[in-house]
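In: With the sequence up front, the predicted model follows.
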There are 2 protein chains.
Amino acid sequence: MSNKISTGPLSGFMELLPEEQLVFNRMMDIIRSVYEQNGYIPMDQPIIDRTESLLANVGVDTTKEIISIEREDDKALALRFDLTVPLARYVANNYGHLTFPFRRYAIGKVYRGERPQAGRFREFYQCDVDIIGNEQLSVRYDADIVLLMARVLEKLDIGPFEIRINNRKLLNGLFQSLEITNTTEILRIIDKKEKISSQEMTTLLQQEGLNQQQIDTISIFIDAVNIDDLPKIDNPLYAEGLDEVKQVISITIKSGLEKTYFVWDPSIARGLDYYTGTVFETCLLNNPEIGSVCSGGRYDDLASAYTTRKLPGVGTSIGLSRLFDQLMKKGVIIASLQKTKSQVLIVPLTDDLSYALLLQNQLLKSEIACEISFSDSKLDKRMSYANKLGIPYTVIIGEDEVTSDLYTFRDMDSGSEEKLSASDIIGRLQ
Amino acid sequence: MSNKISTGPLSGFMELLPEEQLVFNRMMDIIRSVYEQNGYIPMDQPIIDRTESLLANVGVDTTKEIISIEREDDKALALRFDLTVPLARYVANNYGHLTFPFRRYAIGKVYRGERPQAGRFREFYQCDVDIIGNEQLSVRYDADIVLLMARVLEKLDIGPFEIRINNRKLLNGLFQSLEITNTTEILRIIDKKEKISSQEMTTLLQQEGLNQQQIDTISIFIDAVNIDDLPKIDNPLYAEGLDEVKQVISITIKSGLEKTYFVWDPSIARGLDYYTGTVFETCLLNNPEIGSVCSGGRYDDLASAYTTRKLPGVGTSIGLSRLFDQLMKKGVIIASLQKTKSQVLIVPLTDDLSYALLLQNQLLKSEIACEISFSDSKLDKRMSYANKLGIPYTVIIGEDEVTSDLYTFRDMDSGSEEKLSASDIIGRLQ
């Protein structure tokens, strides 16, 4: 192998074996299918965009390292780092052609320039959904997104999950009424609720300058189990948040989906994001260490960098590459035993390929995935090909079979063989 | 709109409206589904790779401008410009994990740095299939790829087509026997057969230094209608080519597919590519000006840059973005009238959303795509949403409907309304 160049993918880039790729694709197909079944419209945008455009959106964390394209002229171009920023440009550009509320989904690769760490990718798939309103958008659409995520996770069948829902107006109203101004720092502390003791939280809040009365009210707030346990606070933003979260929770209860999927959690803040109303996170209860599978919420204005029109929205994203990687490592999902979609390997042993070709044509017309072994190798090597790929059935066509019009149909798992006509083979496989 | 930045995509990048995206996705779904039904295994590789690796493959035209990534260190990275070069690296890297012959497909975006011209994209989808053999690969697999393309084009339903098949060994054997050495130039002239007169061809061949006897033999060769019309030439390569093209054509005839799909055409040379045996092009007979929809053929050795193992292969690629763009412009395909997959818009008029939510849940369980109108707007505006998106049915749930358990089911096309129970609605839609 001297003078041969490196064959592996770059670090931070996922490259799967067929048996893994099939599982990955099945997950992506489920996500796509649930999105479409719920009326979300597909979008597919370029991976390259103007750097100016990628960094223009309000609230985006511009410290993320973006990957830039080498150019001789002065037009800076880069690879998209999420699917929301390009969405903003798209909606502004196609405003007159879209019907609002605009429900859309996008599944595509995004890029981060940061040094790869364990479990971090520099190229990864995101599966986004958003609903964009024109000037206004009912809070009930926030519930639509939450129900959609529950339907996706139910179909993905990766263990029990919980969608934890809250509303930022509750927290912001609480802070207003308590005259707290360093909200970012306080939200960051509240976000840690799951990981630290209440004593540690008190200490952290004290360090941020909060007094005992403020800390007590926050404690009552984030420890509330039911919405009715919340402290009564006379603040219009707080009242709005209370009304909104009640509407969203009410829809989840009436949705006909399992009630255990949805939990109101007053400590969910998504402190570092640009959400303004509903916020939610999703936890796999058997694998909480994976972190939130999809987080999202309501934002006030999608495309202020591009248009003076107000376009409020609600959305979320599944980081599929990371989720797949984590679930594989933890054994929640396993590589496919079948390494192809082929159900049948047709093995002609005669020079005349007519019978094999006609059988293939019939099987395909009956939507049975199949392939012909065109190899010159001996029979056992051709059967071994089927075995290695996990193709469940083989059909052997030799001189005897051609004469009798009955083919040898072999169940590769049990090893049992039968002589069957073409139509019987199709009947057996359908 | 002052101070607002540009909203359009970069030139040379495709960005579709929903009604176009749905048609594009349908085409891609058909291609993917036929590939998988025929036993081709999905592959999805990174878009970014080492420049060294992208430019390493034998026979690749390195003059194509590649798009490079900006880097501070000395490891040059770039965007892939096709899907074959990454395949070579993959097969070399995963050799021990793959089962040969390795049938794979890949559908993904590739990039070209060249200045965009009309109909040329800088980012576009390719839909590749290849079969890679280990040390050897029967010529019958070349036929497998040809049949696959016919099945794809049949399902795409974009008009009559013809796959024009030839074998480079015939041409190369002919040149050997005629002692022609400037084969690249001669192949380039033969490739023009469709576009120039036989007199013009003679002139061009004379300019390349060919004598009358050589030109006559080439003329007899490229004007042959049947394989039996070919000049008899005593050359081992020519004999091999003759045998191979006969085998491939014989399989197409016996395939059970329409015989008109396949044509042997001695002038097909794919002169500028790195093919060594079977070559083919595909023409849409009603739109020949589009050019070849998928061209491909046999190559001797996929991964010589990475491994000393000999890995012969056969493959082809559909340039989907360009094909879609051309077919739309020529009106062969048109934008979808339905701009979403939703079949039903559920329109609750009461504050209690239970009925709407339960109906949605039932419809989704019956695999009927639907969505709820959660809007605060008046009824006519909500119906107009359904109309604009081309959603064929609406279900209106008001006080009367709740009391009677019969919902107003409206056919948006005819405007007719009926009172139906939830189960009758499902029955109607299934």
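Out: That came through fine. Predicted model only: the values in this text are computed from it and were never measured.
In: Could you grab the helix/strand/coil label for A:E20?
Out: helix (DSSP: H, G, I helix; E, B strand; the rest coil).
In: Which residues are in contact with it?
Out: A:328, A:335-336 (C-beta atoms under 8 Å, 6 or more residues apart in numbering or on different chains). Using the backbone N, CA and C atoms, a C-beta is placed for each residue, glycine as well.
In: Around chain B, pick out the residues from the stretch 101-250 of chain A.
Out: Proximity of the stretch 101-250 of chain A to chain B is confined to A:101, A:103-104, A:109, A:111, A:122-123, A:136, A:138, A:140-141, A:143-144, A:151, A:250 under the rule C-beta under 8 Å from any C-beta of the partner chain.
In: mind redoing it with 7 Å?
Out: Counting by C-beta under 7 Å from any C-beta of the partner chain, the residues of the stretch 101-250 of chain A close to chain B are A:101, A:103, A:109, A:123, A:138, A:140-141, A:144.
In: among those, which are in strands?
Out: Among those, the members falling in strands (DSSP state E) are A:103, A:109, A:123.
In: Pipe these into JSON lines and attach pLDDT and neighbour count per row.
Out: Below are those laid out as JSON lines (pLDDT from 0 to 100; neighbours: other C-beta atoms under 10 Å in any protein chain shown):
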{"residue": "A:R103", "pLDDT": "98", "neighbour count": "24"}
{"residue": "A:K109", "pLDDT": "98", "neighbour count": "21"}
{"residue": "A:E123", "pLDDT": "96", "neighbour count": "23"}
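In: Quick one: the helices in chain A, in order.
Out: For chain A, the helices defined by DSSP state H cover A:18-37, A:51-54, A:84-93, A:140-156, A:168-177, A:183-190, A:198-207, A:212-223, A:236-254, A:320-329, A:354-365, A:379-389, A:399-404, A:422-429.
In: distance of the residue nearest to A:S177 when sequence neighbours are not counted from A:N172?
Out: Using C-beta to C-beta, 6 or more residues apart in numbering or on different chains and skipping the chain neighbours, the partner closest in space to A:S177 is A:N235 (4.3 Å). Note on A:N235: its distance to A:N172, by C-beta to C-beta, to the nearest Å, is 9 Å.
In: Compare those two (neighbour count), which wins?
Out: Summary of the neighbour comparison: A:N235 and A:N172, criterion other C-beta atoms under 10 Å in any protein chain shown, with A:N172 having more neighbours (21 against 18).
In: Tell me the pLDDT of that one.
Out: For A:N172, the pLDDT comes out at 92.
In: give the contact list for it.
Out: By C-beta atoms under 7 Å, 6 or more residues apart in numbering or on different chains, the contact list for A:N172 reads A:183, A:237.
In: Please report how far it lies from B:L237.
Out: Going from A:N172 to B:L237 by C-beta to C-beta gives 79 Å.
In: ditto for A:V139
Out: Applying C-beta to C-beta, the value for A:V139 to B:L237 is 74 Å.
In: One more: A:D228?
Out: Noted for A:D228: a distance of 87 Å to B:L237, by C-beta to C-beta.
In: Quick check on the two: which one has the bigger neighbour count.
Out: Neighbours per residue (other C-beta under 10 Å) separate A:D228 from B:L237, with B:L237 holding more: 19 against 6.
In: from what I can see the more buried one touches B:N167, true?
Out: No. Counting by C-beta atoms under 7 Å, B:L237 stays clear of B:N167, with 10.0 Å between them.
In: For chain B, tell me whether stretch A:369-380 is touching it.
Out: Yes. Stretch A:369-380 comes into contact with chain B (C-beta under 7 Å from any C-beta), by way of A:369-372, A:374-376.
In: is it possible to export those residues to TSV including distance to B:Q176?
Out: Shown next, in TSV, are these (distance: C-beta to C-beta, whole Å):
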residue	distance to B:Q176
A:A369	42
A:C370	40
A:E371	36
A:I372	33
A:F374	28
A:S375	30
A:D376	26
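In: wait, which of those residues is closest to B:V314?
Out: For the residues of stretch A:369-380 next to chain B, the residue nearest B:V314 by C-beta to C-beta is A:F374; the value is 10.8 Å.
In: For that closest one, list the residues it contacts.
Out: A:F374 is in contact with B:138, B:140-141, B:144, counting by C-beta under 7 Å, 6+ apart.
In: and chain A, which of those contact it?
Out: The subset of the contacts of A:F374 within reach of chain A, by C-beta under 7 Å from any C-beta, is B:138, B:140-141, B:144.
In: Which among the residues of stretch A:369-380 next to chain B count as buried?
Out: Among the residues of stretch A:369-380 next to chain B, the ones that count as buried by 16 or more other C-beta atoms under 10 Å in any protein chain shown are A:369-372, A:374-375.
In: Run a quick neighbour tally on A:S416.
Out: Applying other C-beta under 10 Å, I find that A:S416 has 9 neighbouring residues.
In: ok, it to B:T99 distance?
Out: Distance, A:S416 to B:T99, using C-beta to C-beta: 23 Å.
In: With A:V129 instead?
Out: 37 Å.
In: Looking at the two, which is more packed in?
Out: A:V129 (27 against 19).
In: Just list whatever residues bridge to the closest residue in space to that one that isn't next to it in sequence.
Out: In space, and not counting its chain neighbours, A:V129 is closest to A:Y105: 4.7 Å by C-beta to C-beta, 6+ apart. Assessed by DSSP bridges, A:Y105 has beta-bridge partners A:P42, A:V129.
In: Excluding covalently adjacent residues, which one is nearest to A:I333?
Out: Take A:I333 and drop its neighbours on the chain: the residue closest to it by C-beta to C-beta, 6+ apart is A:L327, 4.6 Å away.
In: With adjacent residues omitted, what lies nearest to A:I290?
Out: In space, and not counting its chain neighbours, A:I290 is closest to A:Q326: 4.8 Å by C-beta to C-beta, 6+ apart.
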